[in-house]
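K.L.:
test case, fold it:
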Amino acid sequence: MASPKWSVAVMCYNESGSLEAMVRRTVAVLRARGEPFEIVIIEDGSTDGCREIAARLADEIAEVRVHQHPTNLGIGAVLTDGYRQTIGDVAVILPADLQFAPEDLPKAMDRMIESNADVVMIRRPDRHDPPMRRMVSAFDEMLVGLLFGVWQRDLHWVKLYRRSVLDRATIVSTTPMVDTELLVQAHRMGARIATIDLPHHPRTTGQSTGAKVSLLVRTFVELFRLRLRRMGRVERAPGGRPVQPQAKSHP
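P.N.:
Have a look, this model is predicted:
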């Protein structure tokens with residue numbers, strides 16, 4: 001199989017009701033595009049049969065493989081492995097719950113090409129999440145803007161990253177702050193960041209695990225830890241050349 005241009009990591013924890021449809025629809029979309037691709041299922045220690053479904057899909061579909069966590073390690077590990085275990089020129093991590101429709105992915109891919117972007121952030125103009133989860137996100141976005149100067153919406157939703165950005169980034173976080181730490185580093189590298197609005201679909205199977213008051217507190221703590229880690233640090237390109245921070249993200 002040719003070296004993939006596009007890598008899609010599918011993050012999966014107890015999503016047996018939607019995993020197979022998600023993977024098969026993604027395969028169909030990417031095959032229709034006619035460019036080399038891979039799909040890596042990041043299976044995070046599910047207990048509902050997901051690992052068996054993932055293994056069967058990998059056996060049946062040449063472009064699909066599985067990275068298995070022996071136990072549930074959490075979304076931080078899933079995100080990190082989603083970027084580390086893929087090898088394509090561009091990587092994107094999608095949820096297995098079909099709240100992001102695979103059929104919309106080519107629009108984001110085209111946005112990256114047309115704008116010559118290093119990062120494409122997908123925003124949800126019609127977000128279908130519980131009020132508490134939306135409140136946590138708004139709090140998170142405000143703090144990230146104040147602490148790091150990165151003013152973006154939907155920080156923890158789908159993004160496309162060029163491998164050149166991922167190869168230069170160093171991720172320390174082991175929590176959902178992986179998303180934020182990577183975006184902050186991309187911003188400081190001077191990466192070209194583009195956005196696109198795409199639909200967000202209601203969850204039809206499984207259960208969301210993010211709408212908790214404790215998450216608001218943890219978000220606050222983790223953001224300040226990230227700020228302390230990043231204070232005084234200068235991102236460097238391969239070979240030791242400092243990468244100058246950018247004043248603001250590209251629209």
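
K.L.:
how about the strands in the stretch 151-251 of the chain?
P.N.:
In the stretch 151-251 of the chain, the strands defined using DSSP state E, counting those that start in this stretch lie at 159-162, 193-197.

K.L.:
for the longest one, which strands pair with it and how are they oriented?
P.N.:
Put plainly, it is strand 193-197. Applying DSSP bridges, strand 193-197 is found paired with strand 119-123 (parallel).

K.L.:
next helix or strand past the partner strand?
P.N.:
helix 131-148 (DSSP states H and E).

K.L.:
what packs against that next one?
P.N.:
helix 178-189, helix 213-230 (3 or more Cβ pairs under 8 Å, 6 or more residues apart in numbering; DSSP states H and E). For glycine as for every other residue, the C-beta is placed from the backbone atoms N, C-alpha and C.

K.L.:
number of residues surrounding the nearest residue to Asp154 once chain neighbours are set aside?
P.N.:
Leaving aside its sequence neighbours, Asp154 sits nearest to Arg123 (Cβ to Cβ, 6 or more residues apart in numbering; 4.7 Å). Using other Cβ atoms under 10 Å, Arg123 has 15 other residues around it.

K.L.:
am I right that Arg123 is in contact with Ile196?
P.N.:
Yes. In this structure, Arg123 is within contact of Ile196 by Cβ atoms under 8 Å, at 7.1 Å.

K.L.:
hmm, back to that, may I see the strands of the stretch 151-251 of the chain organised as CSV, with mean pLDDT added?
P.N.:
Formatted as CSV, those follow (pLDDT from 0 to 100):
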stretch, mean pLDDT
strand 159-162, 98
strand 193-197, 97
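
K.L.:
deepest of those, which one?
P.N.:
Of the strands of the stretch 151-251 of the chain, the one with the most neighbours on average (mean count of other Cβ atoms under 10 Å) is strand 159-162, at a mean of 22.

K.L.:
what residues does that strand touch?
P.N.:
The contact list for strand 159-162 (Cβ atoms under 8 Å, 6 or more residues apart in numbering) reads 83, 89-93, 108-109, 112, 118-122, 179, 182-183, 186.
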